[in-house]
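Participant: Requesting a structural model of the entry that follows:
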Amino acid sequence: MKMLTAFIHLFVLSSALMAAPSAPPALGRVQRELGKWWKNSEIVKSLNLSDAQVNQIEQTFLHHRPALARLYEDLQKQELELKTLMRADRIDESRILSQTELVAVSRTALEKANSAMMLDIRKDLTKEQWEKLQEIQELRASGLVSAPIPRRGEPESGEKFYRVGDEGIVAPKCLYQPMPQYTPQAKEARIEGIILLQGIIRKNGHIDALKVLRPLGFGLDESALDVVGKEWRFQPGTFNGQPVDIQANVEISFRLF
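Facilitator: Predicted structure coming up:
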């Protein structure tokens with residue numbers, strides 16, 4: 001998230017952990033999905049944020065960042081240990097279950113800290129600005145975004161496909177989306193931002209034909225392509241109730257606390 005039975009069990013378990021914040025999701029999800037959104041000129045314009053509001057939000061972020069960084073590093077450590085146990089020649093089920101609990105505890109602590117920061121940020125926004133921010137977040141919560149591309153077409157192979165937004169299409173939903181790892185060079189350069197990928201989400205829930213529309217460099221593009229292509233799983237999109245192949249864009253947010 002591999003004999004078949006183990007894959008199914010771990011897929012469900014990992015998906016539950018990814019989507020199980022103990023803090024109010026309306027607070028925690030915004031920061032997780034949008035990253036440093038107050039640095040995004042389009043979002044700032046859409047919310048009509050003043051310079052004073054942007055500066056105050058940045059100060060709030062800087063205040064919470066040390067705790068977030070510590071919790072994030074702990075989560076990375078626990079997830080790496082779980083991955084190591086899963087790759088062992090002999091599976092130690094007891095240790096894996098115990099480590100899974102540690103991952104869940106670390107993830108919950110990070111979610112709580114993130115939600116606490118968003119609560120402080122909420123105090124700097126008007127009711128209308130907060131509601132608009134929620135709307136923006138909901139559009140991106142699935143990891144899918146609209147793209148300014150032709151409505152329907154054929155890849156070079158001649159294969160038919162649809163696109164998110166086509167009439168009658170029910171968009172795919174992301175079921176499992178482990179985040180790509182930061183590369184050492186990106187960390188050293190303190191690179192942050194959003195990578196935009198495009199691919200075809202197949203009827204079997206996999207995504208392929210991936211390409212980078214908006215790169216970040218420093219090895220992050222390759223990291224995103226590898227994890228999304230190999231590990232992300234989707235509930236396929238449908239047309240007239242039947243699963244179909246759908247071209248969609250996927251955003252990957254890289255940020256340093």
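Participant: For the rest of this, base every contact and every neighbour count on C-alpha atoms.
Facilitator: Fine.
Participant: Stretch 81-94: end-to-end distance?
Facilitator: With Cα to Cα, to the nearest Å as the measure, stretch 81-94 spans 14 Å from end to end.
Participant: buried set for it?
Facilitator: Neighbour-count burial for stretch 81-94, with 16 or more other Cα atoms under 10 Å as criterion, is recorded at 81-82, 85-86.
Participant: Pull the number of nearby residues for residue 166.
Facilitator: For residue 166, the neighbour count with other Cα atoms under 10 Å is 14.
Participant: same deal with the one 3 residues further on?
Facilitator: Counted with other Cα under 10 Å, residues neighbouring residue 169 total 19.
Participant: so what's it closest to, chain neighbours aside?
Facilitator: Closest residue to residue 169 apart from its sequence neighbours, by Cα to Cα, 6 or more residues apart in numbering: residue 239 at 4.9 Å.
Participant: ok, that neighbour - contacts?
Facilitator: Listed by Cα atoms under 8 Å, 6 or more residues apart in numbering, the contact set of residue 239 reads 168-170.
Participant: per-residue confidence for it?
Facilitator: pLDDT, residue 239: 89.
Participant: Give me the distance between it and residue 163.
Facilitator: Between residue 239 and residue 163 the computed distance is 11 Å (Cα to Cα).
Participant: between the two, what contacts are shared?
Facilitator: Common neighbours of residue 239 and residue 163 (Cα under 8 Å, 6+ apart) are residue 169.
Participant: can you tell me how far the residue nearest to residue 169 sits from residue 133?
Facilitator: 30 Å.
Participant: In strands, which of the buried residues of stretch 81-94 fall?
Facilitator: With strands defined by DSSP state E, no entry of the buried residues of stretch 81-94 lies inside them.
Participant: check which helix or strand covers residue 136.
Facilitator: Taking DSSP states H and E as the criterion, residue 136 maps to helix 127-140.
Participant: Going by neighbour count, which residues in that helix are buried?
Facilitator: Across helix 127-140, burial judged by 16+ other Cα under 10 Å covers 129-130, 133-134, 136-137, 140.
Participant: Buried residues of the host helix or strand of residue 105, list them for me.
Facilitator: Element membership for residue 105 (DSSP H and E) is helix 93-122. Buried positions in helix 93-122, judged by neighbour count with 16+ other Cα under 10 Å: 96, 99-100, 102-118, 121.
Participant: mind checking the SS state of residue 256?
Facilitator: When classified by DSSP: H, G, I helix; E, B strand; the rest coil, residue 256 comes out as coil.
Participant: so what's it closest to, chain neighbours aside?
Facilitator: Among residues not flanking residue 256 along the chain, residue 192 sits closest, at 6.6 Å (Cα to Cα, 6+ apart).
Participant: so what's that neighbour up against?
Facilitator: Contacts of residue 192 (Cα under 8 Å, 6+ apart): 253-256.
Participant: Show me which helix runs longest in this protein.
Facilitator: helix 51-86 (DSSP state H).
Participant: quick check: angle from that helix to helix 93-122?
Facilitator: 180 degrees (axes from the mean of the first three to the mean of the last three Cα atoms, to 10 degrees).
Participant: buried set for helix 51-86?
Facilitator: Those would be 53-54, 57, 60-61, 64-65, 68, 71-72, 74-75, 78-79, 81-82, 85-86, for helix 51-86 by 16+ other Cα under 10 Å.
Participant: how much space between residue 53 and residue 47?
Facilitator: From residue 53 to residue 47 the distance is 11 Å (Cα to Cα).
Participant: same check, this time on residue 209
Facilitator: 35 Å.
Participant: now residue 136
Facilitator: 10 Å.
Participant: likewise residue 94?
Facilitator: From residue 94 to residue 47 the distance is 49 Å (Cα to Cα).
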